[in-house]
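Peer 1: Sequence plus predicted model, see below.
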Amino acid sequence: MAASKKRIWGWMAFDWASQPFYTLGLTFIFGPYFAAVAAEYFLNTGMEDGAAKAQAQSIWSAGQTVAGLFIAFTAPFLGAFADNSGRKVPWIAFFSVIYVVAACMLWGLTPDGARLFLILILFYVGFFAAESALNFVNAILPSLGDEHEVGRISGSGAAFGYWGGVTALFIMLLLLAENDEGVTMLGVAPLFGLDPELREGTRSVGPFIGIWYAIFIIPFFLWVRDDPNAPTKSTKIGAVAGDLMSTLKSVLHRKSLLNFLVGSMFYRDALNALYAFGGVYAALVLDWQTIQIGVFGIIAAIAAAITTWLSGLADQRYGPKPVIRITVWVLIVVSAIIVGMSREQIFGIPLAEGSQVPDIIFYICGMCIGGAGGAVYTASRSMMVRHTHPDRPAEAFGLFALSGKATAFLAPASISLFTYMTGNVQLGFLPVIILFLLGLLLLRWVNKDGDRAEWSAS
């Protein structure tokens, strides 16, 4: 039993180790810093202010689009290959090395934007590695307990990861990331003599993320092992592709599972876009500085950690479907506010110059994004358990990973296109609302109990 608990803690260590890439890198520190540097870079090329900001958001979303395409094309085959070989840990180690190297190299984004596009590529190489490793880590989840325990373990792991993100963000804001006056949230210069003029405190987020991961992933590799007795199949490309196609064809005959996979594909894609562009929006539309965005991130991450735990209790009492439905509606409201609000107005109602209303509203939005996002993530994994055949859990969670990545490019590509077409950062978020609504629509045909009734009948 002790060994089993140790293996679970080792599995959860991945969430703690990897979450700062999303909290600090994608959303609240590096993403907004990249947007600010990119906007200034394009402004210096002769673009007008609005066009420069739109272009900055456009290239950020384009990077995510390309990374999403790579994930979509490679994840199913890598997952099928790992299942056939019975080995997942070596793949996680391989992608971990790429993750750490790419993260550390983000240091190279200087305020003049000299290596802007190289750093953009490096960031999304790290993103690709993090997401690929996560696919294999999720595939280990069904082996950690029975269908009743898995939901609790999944929620605990996600909450643990959010607390890791909060802790890392606190350290970054208090000791490293500087504001326009060259001091951290504590009012002191960044540690280690880092030069505020060159934004070295903020730029250290890359090496910080890499070192954090390298340290805290150690329990995972110490305590999590592949099952040496796991069944294996041929790892030849033809055999792997054949198994993958057979699995995909079987989904067409399971109405509830099909609607859940496609519906969750839409709303998870939209949620990822909110995570990716929330900080960018704050920097470009509300003119927030790094520390303001960091505080926003802390609020969102704490809300996520708490709500993830509470949603687990609600899931246990009412089931995952109502939890998903309510949280997606919350995210739709937040998305509508993002589209309708700027520093000067909210839904066409003009605001006084210097009004703090947009800041207060967006802090509340941050709590909703973090809280609802954490809840929808864990409830979706719980719903997947209800659609998992007892004899084929790895296959089911492989499908879940596939559905989460198959259109990972859709939201960022749509945001990029809408931003380019309208020349407006806020209107660029319209596709996010559409994706959430599509996800809700398909949820209508999802059985709240999954496929359990069919198995019982058979």
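Peer 2: Thanks, I have it. Numbers count the residues shown, from 1 in each chain.
Peer 1: residue ranges for the strands of the stretch 51-200 of the chain, please.
Peer 2: Assignment of strands within the stretch 51-200 of the chain using DSSP state E, counting those that start in this stretch yields no ranges at all.
Peer 1: Also the stretch 301-450 of the chain?
Peer 2: Going by DSSP E, counting those that start in this stretch, the stretch 301-450 of the chain shows strands at 345-346, 349-350.
Peer 1: Could you tell me the least trusted of the ones you listed?
Peer 2: For these, mean pLDDT drops lowest on strand 345-346, to a mean of 82.
Peer 1: which outside residues touch that strand?
Peer 2: 337, 340, 351, 357, 358, 361 (CB atoms under 8 Å, 6 or more residues apart in numbering). Any C-beta I mention is one placed from the backbone N, CA and C, and that applies to glycine too.
Peer 1: which of the residues you listed are buried?
Peer 2: Among the contacts of strand 345-346, those classed as buried by 16 or more other CB atoms under 10 Å are 337, 358, 361.
Peer 1: Please narrow those to those residing in helices.
Peer 2: 337, 358, 361 (DSSP state H).
Peer 1: now, which of the residues you listed sits nearest residue 441?
Peer 2: Using CB to CB, residue 337 comes nearest to residue 441 of these, at 21.7 Å.
Peer 1: contacting residues for that closest one?
Peer 2: 346, 361, 365.
Peer 1: again, only using 10 Å
Peer 2: 346, 347, 358, 361, 362, 364, 365, 368, 426, 429 (CB atoms under 10 Å, 6 or more residues apart in numbering).
Peer 1: cool, and residue 327?
Peer 2: Contacts for residue 327 (CB under 10 Å, 6+ apart) come out as 267, 271, 307, 311, 314, 368, 371-377, 379-380.
Peer 1: got JSON lines for the ones in helices among the buried ones among the contacts of strand 345-346, with distance to residue 400 too?
Peer 2: Below are those laid out as JSON lines (distance: CB to CB, whole Å):
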{"residue": "337", "distance to residue 400": "30"}
{"residue": "358", "distance to residue 400": "37"}
{"residue": "361", "distance to residue 400": "34"}
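Peer 1: between these, which is nearest residue 419?
Peer 2: Closest to residue 419, out of all of these and judged by CB to CB, is residue 337, at 17.6 Å.
Peer 1: Give me the most central residue, the chain.
Peer 2: Centroid-nearest residue in the chain, with CA atoms, centre = their mean: residue 272, separated by 5.2 Å.
Peer 1: nearest residue to that one other than its sequence neighbours?
Peer 2: Distances taken as CB to CB, 6 or more residues apart in numbering place residue 411 nearest to residue 272, at 6.5 Å, with adjacent residues excluded.
Peer 1: Surely that neighbour is in contact with residue 438?
Peer 2: No. Between residue 411 and residue 438 there is no contact under CB atoms under 10 Å: 11.3 Å.
Peer 1: Look at those two and report which has more neighbours.
Peer 2: When residue 411 and residue 438 are compared for neighbours, residue 411 comes out ahead with 28 against 17, by other CB atoms under 10 Å.
Peer 1: Would you agree residue 265 is in contact with residue 401?
Peer 2: No. If you go by CB under 10 Å, residue 265 and residue 401 don't touch, sitting 11.1 Å apart.
Peer 1: ok so, going back, can you convert the strands of the stretch 301-450 of the chain into TSV and add a column each for distance to residue 116 and mean neighbour count?
Peer 2: What follows is those, written out as TSV (distance: least, CB to CB, whole Å; neighbours: other CB atoms under 10 Å):
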stretch	distance to residue 116	mean neighbour count
strand 345-346	31	15
strand 349-350	35	9
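Peer 1: Present the ones you listed as CSV; the columns should include distance to residue 256.
Peer 2: Compiled in CSV, those are given as follows (distance: least, CB to CB, whole Å):
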stretch, distance to residue 256
strand 345-346, 40
strand 349-350, 43
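Peer 1: Test my guess that residue 302 contacts residue 166.
Peer 2: Yes. Using CB under 10 Å, residue 302 is in contact with residue 166, at 5.7 Å.
Peer 1: Mind checking which of the two has more residues around it?
Peer 2: Shown here are residue 302 and residue 166; by other CB under 10 Å, residue 166 has more neighbours (22 against 19).
Peer 1: From residue 109, how far off is that one?
Peer 2: 24 Å (CB to CB, to the nearest Å).
Peer 1: same check, this time on residue 145
Peer 2: Distance of residue 145 to residue 109, given as CB to CB: 42 Å.
Peer 1: out of the two, which sits in the more crowded spot?
Peer 2: residue 109 (26 against 15).
Peer 1: Contact partners for the closest residue to the more buried one other than its chain neighbours?
Peer 2: Distance criterion CB to CB, 6+ apart; nearest residue to residue 109, sequence neighbours excluded, is residue 119 at 4.3 Å. For residue 119, the contacting residues are 30, 34, 37-38, 63, 102, 105-110, 113, 203, 206, by CB under 10 Å, 6+ apart.
Peer 1: Name only those of those that count as buried.
Peer 2: Buried, going by 16+ other CB under 10 Å: 30, 34, 37-38, 63, 102, 105-107, 109, 113, 203, 206, out of the contacts of residue 119.
Peer 1: so can I have CSV of those residues showing distance to residue 187?
Peer 2: Output for those, formatted as CSV (distance: CB to CB, whole Å):
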residue, distance to residue 187
30, 23
34, 26
37, 24
38, 29
63, 34
102, 32
105, 30
106, 26
107, 24
109, 25
113, 28
203, 20
206, 24
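Peer 1: What is the nearest of these to residue 139?
Peer 2: Looking across the buried ones among the contacts of residue 119 and measuring by CB to CB, the closest to residue 139 is residue 102, at 22.6 Å.
Peer 1: what's the residue lying closest to the closest one once chain neighbours are set aside in contact with, if anything?
Peer 2: Spatial nearest neighbour of residue 102, excluding adjacent residues (CB to CB, 6+ apart): residue 126 at 3.4 Å. By CB under 10 Å, 6+ apart, the contact set of residue 126 is 21, 25-26, 30, 67, 95, 98-106, 206, 209-210, 213.
Peer 1: ditto for residue 103
Peer 2: 20-21, 24-25, 30, 122-123, 125-127, 129-130, 205-214.
Peer 1: Is the closest residue to it other than its chain neighbours in a helix, a strand, or coil?
Peer 2: Nearest non-adjacent residue to residue 103, counting by CB to CB, 6+ apart: residue 210, 3.7 Å away. Going by DSSP: H, G, I helix; E, B strand; the rest coil, the secondary structure assigned to residue 210 is helix.
Peer 1: Quick check: residue 210 touching residue 105?
Peer 2: Yes. The criterion here is CB under 10 Å, and residue 210 meets it with residue 105 at 8.6 Å.
Peer 1: Distance of residue 14 relative to residue 123?
Peer 2: 20 Å.
Peer 1: Surely residue 385 is in contact with residue 450?
Peer 2: Yes. Under the criterion of CB under 10 Å, residue 385 makes contact with residue 450 at 7.7 Å.
Peer 1: Looking at the two, which is more packed in?
Peer 2: Using other CB under 10 Å as the criterion, residue 385 and residue 450 rank with residue 450 on top: 26 against 22.
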